[in-house]
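Asks: take a look and give me a structure for this.
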Amino acid sequence: MLEVLEERRLAGRPLRMGLIGAGTFGTMLLGQALRLPGLVVAGVADLDPDRARAALARVGAPDGAVPVTDDAGALIATPALEVVVEATGAPAAGIAHALEAIRLGRHVVMVNVEADALAGPLLAQRARAAGLVYSLAYGDQPALVCDLVDWARAAGFEVACAGKGTKYLPSYHEATPETVWRHYGLSPERVSAGGFNARMFTSFLDGTKSAIEMAAIANATGLEPQAEGLRFPPCGAGRLAQVCVPREDGGVLSRGGTVEVVSSLERDGSAVPDDLRWGVYVTFAAGSGHAARCLVDYGVQTSASGAHGALYRPYHLIGLETSISVLSAGLLGEPTGTPRGFRADVVAVAKRDLAAGDRLDGEGGFTVRGALAPAAASLAERALPIGLAHGARLARPVAAGATVRWDDLDIVAEDGALAARREMEAMVEARESGTRSARGPGIPSTRPNRLYPPRR
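Replies: Purely as a prediction, here's the structure:
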């Protein structure tokens with residue numbers, strides 16, 4: 001990639017990218033992108049332009065060197081822009097920005113995994129139809145896991161499981177923005193000084209973010225969620241090949257070819273030795289006795305039988321690595337992970353007993369969390385995606401721990417995200433029934449969508 005980038009620099013045709021969202025992730029990307037000759041940051045869009053300017057100053061950009069705006073649409077329309085990096089974290093905004101970028105012929109690097117989990121298969125299909133790239137963001141865990149899965153398959157191994165590590169205890173499912181900091185051991189003074197986002201950290205802790213990331217991985221790799229979703233088994237890096245394999249091979253998985261998140265804590269709260277809290281992994285079947293012997297000979301950690309091996313990466317560096325996706329999309333026309341189907345969904349689950357009339361507050365809030373589910377089960381159960389849970393009002397009570405369903409709702413916010421989700425589900429339904437619209441892929445059928453309640 002760097003050779004191609006240098007050729008373009010010398011030819012006076014630098015690769016031009018725009019960034020939407022100047023938070024922590026975006027700031028890290030800016031710092032590295034500005035160090036790459038031949039890659040030009042054509043602009044930064046953020047609802048708070050002062051935050052964007054502060055981010056640029058923090059990474060050493062000369063004052064005024066990079067245009068800043070609060071209008072994402074204007075940035076996407078910048079002449080000669082080739083790659084749009086969406087890093088807002090808001091599902092509805094991410095979907096809208098991606099669709100506009102694709103309409104104007106820009107490649108999309110989707111940092112906003114919340115948007116990807118909600119409608120990524122539709123966005124990827126739209127990009128492919130336009131001859132463009134829609135890519136997960138290298139440096140974030142989903143793209144890194146996709147890379148490990150590609151490695152295993154290209155080497156001739158069958159993937160048993162892939163995923164990441166995190167800090168998890170069952171009690172964390174009930175975490176809220178009011179209780180989250182005690183689980184992290186952070187004082188109010190430390191939180192204030194660091195400018196930490198309580199909702200974001202709640203999503204990390206209550207399992208929502210893990211579910212969203214595993215859904216992105218499943219949809220991009222063809223791995224299937226387990227029927228029970230995520231179990232978060234305690235497991236250190238040295239035991240991946242013993243734990244993250246099917247039960248018939250001595251592990252904890254209900255099936256092979258799946259995704260799972262391992263916990264850095266034992267269920268009693270004690271630390272797991274050699275934990276993988278910041279890392280990603282893949283486990284795979286050796287496939288033959290000869291390959292199994294080779295794995296042992298070269299020091300690969302294997303299961304007790306030698307039938308499975310594991311490869312892992314202990315860290316992910318989020319935005320510090322995302323320029324790899326920008327270059328891959330813009331120079332090579334290749335994604336660093338992209339949805340190829342709709343296999344996994346993230347459904348809203350009640351954190352506490354909810355009453356009729358209660359308003360849901362979405363990801364990282366007080367009312368619901370996200371849980372991983374097979375897409376077919378989610379659709380069959382008419383489950384509410386976590387990405388559409390913000391602002392929805394309940395028409396009936398929902399017990400703590402129960403999945404919120406469309407039939408439980410009185411009001412749902414009508415916006416572009418809901419429209420995109422409806423279109424994606426109709427696209428999937430048409431493909432499964434073999435009655436895809438003659439107008440082309442991604443066009444929904446005209447009959448009423450059975451997955452949603454009547455508008456009230």
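Asks: so for the helix or strand of the chain with the lowest mean pLDDT, what gets flagged as buried?
Replies: Of all the helices and strands that make up the chain, helix 188-194 has the lowest average by mean pLDDT, DSSP states H and E, namely a mean of 78. For helix 188-194, a neighbour-count test (16 or more other CB atoms under 10 Å) marks residue 191 as buried. Backbone N, C-alpha and C define where each C-beta goes, glycine included.
Asks: and the very next helix or strand once past it, what does it pack onto?
Replies: If you walk from helix 188-194 toward the C-terminus, the next helix or strand you reach (DSSP states H and E) is helix 198-205. On a contact count with 3 or more CB pairs under 8 Å, 6 or more residues apart in numbering; DSSP states H and E, helix 198-205 meets helix 180-184.
Asks: ok, residues contacting the helix it packs on?
Replies: The list of residues contacting helix 180-184 from outside it, by CB atoms under 8 Å, 6 or more residues apart in numbering, reads 172, 175, 187, 188, 191, 198, 201, 202, 205.
Asks: how about 7 Å then?
Replies: The list of residues contacting helix 180-184 from outside it, by CB atoms under 7 Å, 6 or more residues apart in numbering, reads 172, 175, 191, 198, 201, 202, 205.
Asks: cool, and stretch 328-345?
Replies: Residues from elsewhere that reach stretch 328-345, judged by CB under 7 Å, 6+ apart: 1, 4-5, 15, 82-83, 107, 109, 116, 120-121, 124, 133-136, 138, 142-143, 146-147, 214-215, 218-220, 222, 224-225, 324-325, 372-375, 378, 385, 424, 428.
Asks: quick check on those residues: which are buried?
Replies: 5, 15, 82-83, 107, 109, 116, 120-121, 124, 133-136, 138, 142-143, 146-147, 214-215, 218-220, 224-225, 324-325, 372-375, 378, 385, 424, 428.
Asks: and the residue most central in space within the chain, how far is that from residue 136?
Replies: Averaging the C-alpha coordinates of the chain gives a centre point, and the residue nearest to it by CA atoms, centre = their mean is residue 113 (3.2 Å). Remark: distance between residue 113 and residue 136 (CB to CB, to the nearest Å) = 7 Å.
Asks: which neighbours do the two have in common?
Replies: When contacts are counted by CB under 7 Å, 6+ apart, residue 113 and residue 136 are jointly contacted by 142, 216.
Asks: quick one, helices of the stretch 251-400 of the chain?
Replies: Counting by DSSP state H, counting those that start in this stretch, residue ranges of the helices within the stretch 251-400 of the chain are 289-297, 323-327, 375-380.
Asks: picking up where we left off before, the contacts of stretch 328-345 in strands, which ones?
Replies: Counting by DSSP state E, the contacts of stretch 328-345 place 15, 83, 107, 109, 134, 135, 136, 372, 373, 374 in strands.
Asks: for these, which one is nearest residue 357?
Replies: Closest to residue 357 out of the ones in strands among the contacts of stretch 328-345 is residue 373 (26.2 Å), distances taken as CB to CB.
Asks: show me the contacts for that closest one.
Replies: Contacts here follow CB under 7 Å, 6+ apart; on that basis residue 373 touches 225, 229, 345, 347, 383.
Asks: if I look at the last one, what pLDDT would I see?
Replies: With respect to pLDDT, residue 383 has a value of 97.
Asks: tell me the contacts of it?
Replies: Counting by CB under 7 Å, 6+ apart, residue 383 touches 347, 373, 403, 405.
Asks: one more time with 6 Å, if that's ok
Replies: Each residue near residue 383 by CB atoms under 6 Å, 6 or more residues apart in numbering is listed here: 347, 403, 405.
Asks: can I get those in JSON lines with neighbour count and distance to residue 339?
Replies: Formatted as JSON lines, the contacts of residue 383 follow (neighbours: other CB atoms under 10 Å; distance: CB to CB, whole Å):
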{"residue": "347", "neighbour count": "25", "distance to residue 339": "18"}
{"residue": "403", "neighbour count": "19", "distance to residue 339": "23"}
{"residue": "405", "neighbour count": "17", "distance to residue 339": "24"}
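Asks: show me what the top strand by length along the chain is packed up against.
Replies: In the chain, taking DSSP E as the definition, the longest strand is strand 158-166. Judged by 3 or more CB pairs under 6 Å, 6 or more residues apart in numbering; DSSP states H and E, the packing partners of strand 158-166 are helix 141-154, strand 258-263, strand 280-285.
Asks: which one of the ones you listed lies nearest to residue 48?
Replies: Taking CB to CB, helix 141-154 is the member of these nearest to residue 48, at 26.8 Å.
Asks: among the contacts of residue 373, which are located in strands?
Replies: Members of the contacts of residue 373 lying in strands (criterion: DSSP E): 345, 347.
Asks: picking up where we left off before, what are the pairing partners of the longest strand of the chain, and which direction each?
Replies: Pairing partners of strand 158-166, with direction, according to DSSP bridges: strand 258-263 (parallel), strand 280-285 (antiparallel).
Asks: want to throw the contacts of residue 373 into TSV with distance to residue 59?
Replies: Listed next are these as TSV, based on distance: CB to CB, whole Å:
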residue	distance to residue 59
225	38
229	38
345	36
347	38
383	41
